[in-house]
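In: model this:
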Amino acid sequence: NIEEQSYRPPIKSILFALYYYIKHSVISATIITALFGALGVVFIFLIGRKLYNEKVGILAALILTFTPFIIKNSNLLMTDVPVSTLLAISFYLALFREKKLMMFLSGLFLGLSVLMKFTAVLMILVFLIYFYFYRKELNKKKLILFAIGFLVVMLPYFIWYQIKFGNFLNPFIKGPTLVQQKNEAILFYFFNLHKIFTILVLSGLIFWIIDGVIKLNKEKYVNIKADTILIIWALVFLLYLTKIPHKELRYLLPIIIPI
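Out: Modelled structure (predicted):
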């Protein structure tokens, strides 16, 4: 019975409807978001293991598992936790850049991410940087397959929206205008990061910065490409959301994976 089709993405409502069809219960929708939260733990482990090593993956998964803010939001009927998991899946699949099928599926899950929450479209900028860094391992066919995967999801929505409402780009134009009511200062997110990621994670970031500076000075920075991509991922979303007048901490959840 959703009445926000003209400006809200459809995937969350579709998933809720499908689950209600299976089991119509007051907790059905909550189960969906909780499952997404649990799945996010799996994929942050896989990303950590793929980019660095198994210990990094385990540590990242443990931190995500026991972060109170994430646990709380995994029980809310919002898109923030699900979109974070979908972005994690898309990024993980893209790490298998040598496989054409994985690139197609990565684009497909990126499309699902955008239709879960429109701000996920910012991830395209992160992927462009990723493709540039690893351009020697990619070719046009793989990039085209990535684009096709993305369009397989997005085109049906664009066609449906164009027919029903006109101008399929309107959700991306209208969406930001829904959060124009100012409620917090411009540096709200920076001063409240500890409420999302805890002092443990922020302390770890400080040590990571110190370690990175030391590695740069010694010219032993092995993971500089991977780290740079994750930094860009976090900054793209953080800076965009900082510019939006209306701010809520849960809006920052798409950066939990890179952080």
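In: what is the neighbour count of residue 201?
Out: Using other CB atoms under 10 Å, residue 201 is surrounded by 17 other residues. No exception for glycine: its C-beta is placed from N, CA and C like everyone else's.
In: right, and it touches residue 63 too?
Out: Yes - with contact defined as CB atoms under 8 Å, residue 201 counts as touching residue 63 (6.2 Å).
In: what's the first helix or strand after the helix or strand of the chain with the lowest mean pLDDT?
Out: Least confident helix or strand of the chain, by mean pLDDT, DSSP states H and E, is helix 170-174 with a mean of 77. Downstream of helix 170-174, the next assigned helix or strand under DSSP states H and E is helix 188-191.
In: packing partners for whichever helix or strand residue 61 is part of?
Out: Taking DSSP H and E as the criterion, residue 61 maps to helix 54-65. Other elements packing on helix 54-65 under the criterion 3 or more CB pairs under 8 Å, 6 or more residues apart in numbering; DSSP states H and E are helix 28-51.
In: avg pLDDT for the helix it packs on?
Out: Summarised as a single mean, pLDDT over helix 28-51 is 93.
In: helices or strands up against it?
Out: Partner elements for helix 28-51 (3+ CB pairs under 8 Å, 6+ apart): helix 11-22, helix 54-65, helix 68-73, helix 80-94.
In: and those as a markdown table, adding mean pLDDT and distance to residue 195?
Out: Shown next, in a markdown table, are the helices and strands packed on helix 28-51 (pLDDT from 0 to 100; distance: least, CB to CB, whole Å):
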| stretch | mean pLDDT | distance to residue 195 |
| --- | --- | --- |
| helix 11-22 | 88 | 24 |
| helix 54-65 | 94 | 15 |
| helix 68-73 | 90 | 6 |
| helix 80-94 | 96 | 14 |
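In: if anything else comes up later, I'll come back, but that's it for now.
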